[in-house]
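Chemist: no FASTA, just this:
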């Protein structure tokens with residue numbers, strides 16, 4: 001993970017803050033906090049300040065250079081399970097302001113690498129960060145425009161005890177009792193369909209629960 005984070009700092013390091021931050025200074029961020037975000041060395045910006053940047057009111061589409069400038073610090077903090085939001089799901093919500101075409105191929109690759117590695121890190125530990133359901137992590141990564149099919153394929157082929165315990169929790173507590181729909185208000189129909197399609201594979205259940213039975 002450290003290599004991916006350092007690579008992100010290098011790839012996005014060309015972006016600078018060329019104008020005032022697009023954050024509300026009337027009720028969300030003080031002028032002092034805004035100045036700290038603008039002037040402080042990126043790698044030393046605290047979690048609290050990044051939290052303020054992520055949760056502050058903004059225009060409909062903040063300057064993408066501003067987002068790309070801060071993104072490596074976002075990723076670094078999230079990699080340590082320090083989420084810049086009151087809800088894990090919203091930690092990378094700012095990515096949704098932009099189209100995929102607004103990122104270079106190199107930038108998209110490092111974001112994708114982070115998503116896959118972070119999910120791998122999550123399922124290799126139990127329970128989930130902050131004792132939230134793993135559905136929170138899935139939604140966060142989906143909102144970062146990660147390839148969910150790659151993430152779910154990784155989970156399917158994971159044979160670890162921790163990964164299987166996450167799967168059992170997800171099926172037993174993270175889904176609606178009637179359909180394979182994520183029981184989380186931050187989810188959406190498209191992600192629900194991806195999950196439903198993934199869970200329609202009977203062999204997935206059979207394999208996972210067989211592994212779980214051997215572990216207990």
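Modeler: Okay, I see it. Just so you know, these numbers come straight off a predicted model, no measurement behind them.
Chemist: please count neighbours and contacts with C-alpha atoms only from this point.
Modeler: OK.
Chemist: look up the closest residue to residue 8, ignoring the ones flanking it.
Modeler: Among residues not flanking residue 8 along the chain, residue 72 sits closest, at 5.5 Å (CA to CA, 6 or more residues apart in numbering).
Chemist: meant to ask about residue 64, not that
Modeler: With sequence-adjacent residues excluded and distances taken as CA to CA, 6+ apart, residue 64 is closest to residue 98, at 7.4 Å.
Chemist: and residue 216, what's its pLDDT?
Modeler: pLDDT recorded at residue 216 is 51.
Chemist: over to residue 66?
Modeler: 95.
Chemist: so how far is residue 149 from it?
Modeler: According to CA to CA, to the nearest Å, residue 66 and residue 149 sit 29 Å apart.
Chemist: looking at these two, which is more packed in?
Modeler: residue 66 (18 against 12; other CA atoms under 10 Å).
Chemist: does that one touch residue 20 like I think?
Modeler: No: between residue 66 and residue 20 there is no contact under CA atoms under 8 Å: 9.3 Å.
Chemist: how many neighbours does residue 174 have?
Modeler: For residue 174, the tally of surrounding residues (other CA under 10 Å) stands at 20.
Chemist: quick check: it touching residue 183?
Modeler: Yes: applying CA under 8 Å as the test, residue 174 and residue 183 come out as touching, 5.5 Å apart.
Chemist: quick revisit: identify the residues contacting the residue nearest to residue 8.
Modeler: By CA atoms under 8 Å, 6 or more residues apart in numbering, the contact set of residue 72 is 5, 8-9, 12.
Chemist: can you check residue 154 too?
Modeler: residue 120.
Chemist: check which helix or strand covers it.
Modeler: Using DSSP states H and E, residue 154 falls within helix 148-156.
Chemist: in the chain, where is pLDDT below threshold?
Modeler: For the chain, residues meeting the criterion pLDDT under 70 lie at 209-216.
Chemist: quick one: the strands in it?
Modeler: Using DSSP state E, the chain contains no strands.
Chemist: longest helix in it, by number of residues?
Modeler: helix 105-123 (DSSP state H).
Chemist: what angle sits between that helix and helix 148-156?
Modeler: Orientation of helix 105-123 against helix 148-156 (axes from the mean of the first three to the mean of the last three CA atoms, to 10 degrees) gives an angle of 30 degrees.
Chemist: can you name every helix or strand that helix 105-123 contacts?
Modeler: Counting contacts by 3 or more CA pairs under 8 Å, 6 or more residues apart in numbering; DSSP states H and E, helix 105-123 is packed against helix 2-11, helix 148-156, helix 161-173.
Chemist: show me which positions of the longest one end up buried.
Modeler: If I follow you right, that is helix 161-173. Judged by neighbour count using 16 or more other CA atoms under 10 Å, the buried positions of helix 161-173 are 161-171.
Chemist: could you list the buried residues of the helix holding residue 154?
Modeler: Using 16+ other CA under 10 Å as the test for burial, helix 148-156 gives 148, 151-152, 155-156.
Chemist: in CSV: the residues you listed, plus distance to residue 37.
Modeler: Converted to CSV, the buried residues of helix 148-156 look like this (distance: CA to CA, whole Å):
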residue, distance to residue 37
148, 32
151, 33
152, 36
155, 37
156, 40
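Chemist: contacting residues around residue 160?
Modeler: Going by CA under 8 Å, 6+ apart, residue 160 touches residue 124.
Chemist: I meant to write residue 37 there.
Modeler: Contacts for residue 37 were tallied using CA under 8 Å, 6+ apart; they are 45, 49-50.
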